[in-house]
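# Requesting a structural model of the entry that follows:
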Amino acid sequence: MILSAQSLSHIQSCPRRFLLESDWIVLRIRPKLLFDACLRQGLLDLSNGADAAALAASLKADFLQVAANPGLDLPHGADSYRIAKDWCAMIDTTLRAMAKWQTGKLRVPNPERLNSSSEWRTLSFMDDSAAGMLHRVITVDRWTEDQFSKELHSWYTFGDICVTSKPMTLHVIEIGQTRGGRRSSGWARGWKHPAMRNTKLKFLHKDGSTFQGWTAVYLADHAELDADEWVEQMEREGATDKLTRHLVVDPPAEPVREDTLSQVLQEAARASRMLTERRSIPWSALPMSRAACDGNVPCPFQQVCHQQGAEIYKLGLYILRDKDKLAAE
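Residues are numbered from 1 along each chain as shown. Now for the predicted structure:
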């Protein structure tokens, strides 16, 4: 049994989703999840010497390809092209800022053996220092103490730390809320004074005041704007420092770590049983975990669970992971 922070989170929040994801791939992905995947890949590649501009161009192409086919998971009527362009603009700017982080060379850690039948796949990256520091990049609308507590207690952070017994640096990027269908942070939007339009873009007022009355300028709307110059201006004003944090989380005391590993092993055994029995006890036989249906990111399998008798094959939203394997079982 190979377990990870993602699979463990899903089995605890909704066993139905855990079983569904073991057999099915969701075709349409939400923009933020796709953006996060791009930044995760970007963090790894930048640490191994990739050029930020070239990498951003490649990841933007990947993002737009997914946005075109099979498409993003967006509310009905949303302007998918403009939304995708805003996220791509943020790939341009965030990667240029990330290129200056001092992470050392990162790699994907080998799976950790939990016992004779279970392994843990660490989703964080590990650097080449003597300590073997873990690194995880996360994006949030706004960073708060509640958000920090949530991340600290998650399996993505605490699970990886306890299994590897390594400290972790959380690289936090604030990306702002969506307002009027546009991203609202300096990674995507700057400001121009309405009476002095030839001056440089602004991202912060020294006195902390707002830009009420100023004109919003979105990087995605202006091909003539240079992403390097955009980020350099953000840095001069201190906007990149304001929107990023690097927080070190140390491993817990050994009794806490051992207790956590015991919990992981219990869930690994439960996951293994569910997968073994999923032909006689399918996902649809399990009670719904309704509290998990509409979290910060709504469950992508709602179309299946909330439509009684829906035939997953015919919805056009999912594809089988391994048709031959499933047929054999």
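
# Can you tell me the centre-most residue of the chain?
Nearest to the mean C-alpha position of the chain, counting by CA atoms, centre = their mean, stands residue 36 at 3.5 Å.

# mind checking which helix or strand it is in?
According to DSSP states H and E, residue 36 maps onto helix 31-47.

# quick check: mean pLDDT across that helix?
Average pLDDT, helix 31-47: 97.

# And for that helix, what's in contact with it?
Helix 31-47 has contacts (CB atoms under 8 Å, 6 or more residues apart in numbering) with 50, 52, 55-56, 59, 62-63, 66-67, 72-74, 83-84, 87, 90-91, 94-95, 98-99, 101, 103-108, 125, 127, 135, 137-139, 171, 173, 175, 297. In this view, the C-beta of every residue, glycine as well, is placed from N, C-alpha and C.

# again, only using 7 Å
Residues from elsewhere that reach helix 31-47 (CB atoms under 7 Å, 6 or more residues apart in numbering): 52, 55, 59, 62-63, 66, 72, 83, 87, 90-91, 94-95, 98-99, 103-106, 125, 135, 137, 139, 297.

# Please indicate which of those residues are buried?
By neighbour count, with 16 or more other CB atoms under 10 Å, the contacts of helix 31-47 hold 52, 55, 59, 62-63, 66, 72, 83, 87, 90-91, 94-95, 98-99, 103, 106, 125, 135, 137, 139 as buried.

# Cross these against helices and list the overlap.
52, 55, 59, 62-63, 66, 83, 87, 90-91, 94-95, 98 (DSSP state H).

# Widest-spaced pair of those?
52 and 83 (23.3 Å; CB to CB).

# where do the strands sit along this structure?
Per DSSP state E, the chain carries strands over the ranges 2-4, 24-26, 106-107, 112-115, 118-121, 125-127, 134-140, 168-174, 178-179, 182-183, 189-192, 215-218, 244-249, 318-320.

# Can you lay out those strands as CSV showing distance to residue 256 and mean pLDDT?
Below are the strands of the chain laid out as CSV (distance: least, CB to CB, whole Å; pLDDT from 0 to 100):
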stretch, distance to residue 256, mean pLDDT
strand 2-4, 19, 95
strand 24-26, 34, 94
strand 106-107, 27, 98
strand 112-115, 17, 95
strand 118-121, 17, 96
strand 125-127, 21, 98
strand 134-140, 17, 97
strand 168-174, 15, 98
strand 178-179, 38, 88
strand 182-183, 38, 90
strand 189-192, 42, 94
strand 215-218, 46, 94
strand 244-249, 13, 97
strand 318-320, 39, 92
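
# Distance to residue 279 for these - can I get that in JSON lines?
What follows is the strands of the chain, written out as JSON lines (distance: least, CB to CB, whole Å):
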{"stretch": "strand 2-4", "distance to residue 279": "20"}
{"stretch": "strand 24-26", "distance to residue 279": "15"}
{"stretch": "strand 106-107", "distance to residue 279": "38"}
{"stretch": "strand 112-115", "distance to residue 279": "25"}
{"stretch": "strand 118-121", "distance to residue 279": "21"}
{"stretch": "strand 125-127", "distance to residue 279": "36"}
{"stretch": "strand 134-140", "distance to residue 279": "36"}
{"stretch": "strand 168-174", "distance to residue 279": "38"}
{"stretch": "strand 178-179", "distance to residue 279": "42"}
{"stretch": "strand 182-183", "distance to residue 279": "44"}
{"stretch": "strand 189-192", "distance to residue 279": "51"}
{"stretch": "strand 215-218", "distance to residue 279": "51"}
{"stretch": "strand 244-249", "distance to residue 279": "40"}
{"stretch": "strand 318-320", "distance to residue 279": "14"}
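
# So for residue 205, which of the ones you listed sits nearest?
Residue 205 sits nearest to strand 189-192 of all the strands of the chain, at 9.2 Å, using CB to CB.

# Dump that closest one to CSV, keeping only the CA atoms.
The C-alpha coordinates for strand 189-192 follow below in CSV (Å, rounded to 0.1, in the frame of the first residue of the first chain):
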residue,chain,number,x,y,z
ARG,A,189,-2.3,43.6,-11.2
GLY,A,190,-0.6,46.9,-10.8
TRP,A,191,-1.9,50.5,-10.6
LYS,A,192,-1.5,53.7,-12.6
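
# packing partners for that strand?
strand 215-218 (3 or more CB pairs under 7 Å, 6 or more residues apart in numbering; DSSP states H and E).

# Going by neighbour count, which residues of the longest helix that the chain contains are buried?
Longest helix of the chain, by residue count under DSSP H: helix 254-276. Neighbour counts over helix 254-276 (16+ other CB under 10 Å) mark 257, 260, 261, 264, 265, 267, 268, 271, 274 as buried.
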